[in-house]
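Q: Could you look at this predicted model? Sequence included:
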Amino acid sequence: MKKVTKAIFPVAGLGTRFLPATKSIPKEIMTLVDRPLIQYAIDEARAAGIKEFIFVTSRGKGALEDYFDHAPVLEQELRKKGKDQLMEVLKNTNMESGAIAYIRQHKALGLGHAVWCARRLIGNEPFAVILPDDVIAAEKPCLQQMVEAHNETGGCMVAAMEVPQSKAGAYGLLAVEEDNGSLVKVSGMVEKPKPEDAPSNLAVIGRYILTPKVLNNLNKKHKGTGGEIQLTDAIAEEIGGKEGVYGYRFNGERFDCGSKAGFLQATVSFGLGRDELRDELWGYLQELVASEKAAQ
């Protein structure tokens, strides 16, 4: 079985839920504490053994490309002032030549279409897909957990977590054939069903390990829910095949940073996780709750 060394990052969205901020900066550059969303995704991919990073972008994402480039003037200033710790932080944001590629998605035709746009860079290899909006705090990074499980199963694998029935319509839901705890064998996938039609409460989260067959399925360009080319539909075509489709219940806490509430929750949680910020932030939150006051 070939190792998973390539990952696709679909980042072509306009981020309209975060306007006016996203009028001038890509949503993926917005920061949790002091790291942009995309850095969390890149760090997770690196921990899982990813060597090639493929970004599916759109017009207006120039700042995203610049973020991963070297900054000679800034590096020179930090070096001159002896700020070695900041130099090390900056080093983790740099991507070497050839490790990163950018593909344009010219029309917003769905997540499946965004993944399809990168088909020529994937070839005949298994690959990962990471949605930067889903930030997952975990002792062992989520994608690393999945890669280890995928080494045993092969096939397609999606990250999964249980959600309330009332929120089922916001996710792709799994129908389960076999449930072995962290690993489930999938018998069906439904994209954003009505709550009463949900096959389970096990939702697909923005981490995938897929076979090249999924790209062949996407090549048909079948439109699904919302008139878009859905990635879940292409994955579902592999159910019952030789390799199969699996859901993986990851260990960790997922934050939906595609929503304002989720982004704020993640900011507080990650802030409290930092030793140098915890006491001051926790004290402020206690005062805020006690006084029932908030910024207007």
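A: On my side now, so go ahead.
Q: tally of neighbours for the residue nearest to Lys221 when sequence neighbours are not counted?
A: Nearest residue to Lys221, sequence neighbours excluded (C-beta to C-beta, 6 or more residues apart in numbering): Ile229, at 5.8 Å. C-beta coordinates here come from the backbone N, C-alpha and C atoms, glycine included. When counting by other C-beta atoms under 10 Å, one arrives at 21 neighbours for Ile229.
Q: Quick check: Ala41 touching Asp133?
A: No: look at Ala41 against Asp133 with C-beta atoms under 8 Å: they stay out of range, at 9.2 Å.
Q: Assign the residue nearest to Lys221 to one of the three secondary structure states.
A: Assigned by DSSP: H, G, I helix; E, B strand; the rest coil, the conformation of Ile229 is coil.
Q: Next: His70.
A: Strictly by three-state DSSP, His70 counts as coil.
Q: if I look at it, how far off is Asn94?
A: The spacing between His70 and Asn94, counted by C-beta to C-beta, to the nearest Å, is 5 Å.
Q: picking that back up, so for Ala41 and Asp133, which sits in the more crowded spot?
A: When Ala41 and Asp133 are compared on other C-beta under 10 Å, the one with more neighbours turns out to be Ala41, at 25 against 22.
Q: how much space between that one and Ile209?
A: Distance from Ala41 to Ile209, by C-beta to C-beta: 15 Å.
Q: do the same with Ser166
A: Counting by C-beta to C-beta, the gap from Ser166 to Ile209 is 29 Å.
Q: which of the two has more neighbours?
A: The neighbour comparison of Ser166 against Ile209 (other C-beta under 10 Å) goes to Ile209, with 25 against 8.
Q: Doesn't the more buried one lie inside a strand?
A: Yes: counting by three-state DSSP, one finds Ile209 located in a strand.
Q: Which strand residues bridge it?
A: Per DSSP bridges, the residues bridged to Ile209 are Ala128, Met157.
Q: pretty sure it is touching Gln145, no?
A: No: the pair Ile209 / Gln145 is not scored as a contact, 10.8 Å apart, by C-beta under 8 Å.
Q: in the stretch 101-250 of the chain, which spans are strands?
A: Under the criterion DSSP state E, counting those that start in this stretch, the stretch 101-250 of the chain carries strands at the ranges 127-130, 134-137, 156-162, 172-180, 183-191, 202-210, 245-249.
Q: For Val184, give me its contacts.
A: Contacts of Val184 were listed using C-beta atoms under 8 Å, 6 or more residues apart in numbering, and they are Ala160, Leu174, Val176, Glu177, Glu178, Leu202, Tyr246, Gly247, Tyr248, Arg249.
Q: top of these by neighbour count?
A: Leu174 (28 neighbours).
Q: contacts for the longest helix that the chain contains?
A: In the chain, taking DSSP state H as the definition, the longest helix is helix 275-291. When contacts are defined by C-beta under 8 Å, 6+ apart, helix 275-291 is touched by residues Val33, Val268, Gly271, Leu272, Ala294.
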